[in-house]
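J.: Here is my input, please return the structure:
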Amino acid sequence: MSLRNARPPDGTPTAPAELAAQIKRWGRELGFQQVGIADTDLALAEARLGHWLADGCHGTMDYMARHGTLRSRPGELVPGTLRIVSVRMDYLPEPLDRAPPVLADPTRAFVSRYALGRDYHKVLRRRLQRLAERIRATVGDFGFRVFVDSAPVMEKPLAAKAGLGWIGKHTNLINARAGSWFFLGELYTDLPLPVDAPVCDHCGDCRACIAACPTGAIVAPYRLDARRCISYLTIEHDGPIPEPLRAPLGNRIYGCDDCQLACPWNRFARLTDEGDFLAREGLDRATLITLFGWDEPEFLARTEGSAIRRIGHRRWLRNLAVALGNAAPGTTVEAALAARADHPDSLVREHVAWARAARHRRGANDPRGDSAPL
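T.: You can find the predicted model right below:
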């Protein structure tokens, strides 16, 4: 939609402050836990992004640099943009004490909690579109565009400017009353709304997230090297996982939540009210061998409507092969790997070969250690 000045249907303009309050109320009614409003000045974030890109911390995510200043200058991405309505929606599907036992069980697969349910892009985008329609019904035609991690948008700096929280040392947004287990979305608009004040950083001297990172990806407070991040390696990265980082992956096959699990602010995290974010296809309790047995048609069927589907079957098998290479001794694990040893994709074959060799070096073929359920 092109950006145009608002034309109220009844000719009576709505005061900006009144409209902002209505937008926040409508947002809560639509299921967002918080709504804030920011201006378009991202100069500080733009400078930090430039340094991060110059150091190569984005790895193979070329799209991070491809769009130039469109990412950090909302008015260039969507001409006429004056304000960004930033929203957050809780997604934690289960109590936090259920995650550590999964990570500690070498027979089970750990999937980042955000990906256990339905693809969040679709859920948030629909709600933001409905929010825009409510605004239009009040003020008439206006310019807007909805974003949910779908374009060059600096969602965390915008959310911080809108008062939704502060960016923590792990580079995730933290809210003092809700932790960090939430999704973000944005509504770019040409409405001259009053902006919200940012909140202070409350990380203090805490380094829990830095210490918890299995691969040392948080190389300094507020600085993440994606090339070492398990979420990047298992989701964004399309090639071989660097061998020195394979063992630290453990049984994490899609994403990683360790920094969030360690963050003390997440004692305030709230379980989601959204049924779409609850675990599907048993992914919260699945075994590595079960998931490794999915052929491509089954993978596509079981991940329909899920964010997991975007990595494709070959990366799915790659990640699982590494996790099986890190798994407990057992002939069932060896048999599962052997069944994929001649896979037609070279990426899968190489990771299966590594897993078998790693297990052999650890004496993992001892049948007395066979504890992996089928």
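J.: Please name the residues that touch the nearest residue to residue 150 once chain neighbours are set aside.
T.: The shortest distance from residue 150 to any residue other than its chain neighbours is 6.3 Å, reached at residue 121 (CB to CB, 6 or more residues apart in numbering). Backbone N, C-alpha and C define where each C-beta goes, glycine included. Taking CB atoms under 8 Å, 6 or more residues apart in numbering, we find residue 121 in contact with 148, 149, 150, 307.
J.: Put together JSON lines for these, with secondary structure, distance to residue 82 and neighbour count on each row.
T.: Shown next, in JSON lines, are the contacts of residue 121 (DSSP: H, G, I helix; E, B strand; the rest coil; distance: CB to CB, whole Å; neighbours: other CB atoms under 10 Å):
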{"residue": "148", "secondary structure": "coil", "distance to residue 82": "20", "neighbour count": "23"}
{"residue": "149", "secondary structure": "coil", "distance to residue 82": "22", "neighbour count": "15"}
{"residue": "150", "secondary structure": "coil", "distance to residue 82": "21", "neighbour count": "12"}
{"residue": "307", "secondary structure": "helix", "distance to residue 82": "31", "neighbour count": "22"}
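J.: helix/strand/coil for residue 240?
T.: When the structure is split into helix, strand and coil by DSSP: H, G, I helix; E, B strand; the rest coil, residue 240 lands in coil.
J.: Okay, the residue nearest to residue 150 and residue 307: tell me how far apart.
T.: Look at residue 121 and residue 307: by CB to CB, to the nearest Å, they are 7 Å apart.
J.: what residue is smack in the middle of the chain?
T.: If you average the C-alpha coordinates of the chain and look for the closest C-alpha using CA atoms, centre = their mean, you land on residue 114, 6.5 Å from that point.
J.: pretty sure that one contacts residue 307?
T.: Yes. With contacts defined as CB atoms under 8 Å, residue 114 counts as touching residue 307 at a distance of 7.4 Å.
J.: Give the residues shared as contacts by these two.
T.: What both residue 114 and residue 307 touch, as defined by CB under 8 Å, 6+ apart, is the set residue 120.
J.: tell me which residues in the helix or strand bottoming out on mean pLDDT in the chain are buried?
T.: Across the helices and strands of the chain, mean pLDDT, DSSP states H and E gives its lowest value to helix 63-66, namely a mean of 91. Buried positions in helix 63-66, judged by neighbour count with 16 or more other CB atoms under 10 Å: residue 64.
J.: Spatially nearest residue to the residue nearest to the centre of the chain, not counting backbone neighbours?
T.: Using CB to CB, 6+ apart and skipping the chain neighbours, the partner closest in space to residue 114 is residue 91 (5.5 Å).
J.: what's the span of stretch 195-202 from first residue to last?
T.: 22 Å (CA to CA, to the nearest Å).
J.: tell me the contacts of residue 167?
T.: 156, 157, 160, 173, 174, 201, 222.
J.: Got a ChimeraX select line for the buried ones in those residues?
T.: For the buried members of those, the matching ChimeraX selection, counting by 16+ other CB under 10 Å, is:
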select :156,157,160,173,174
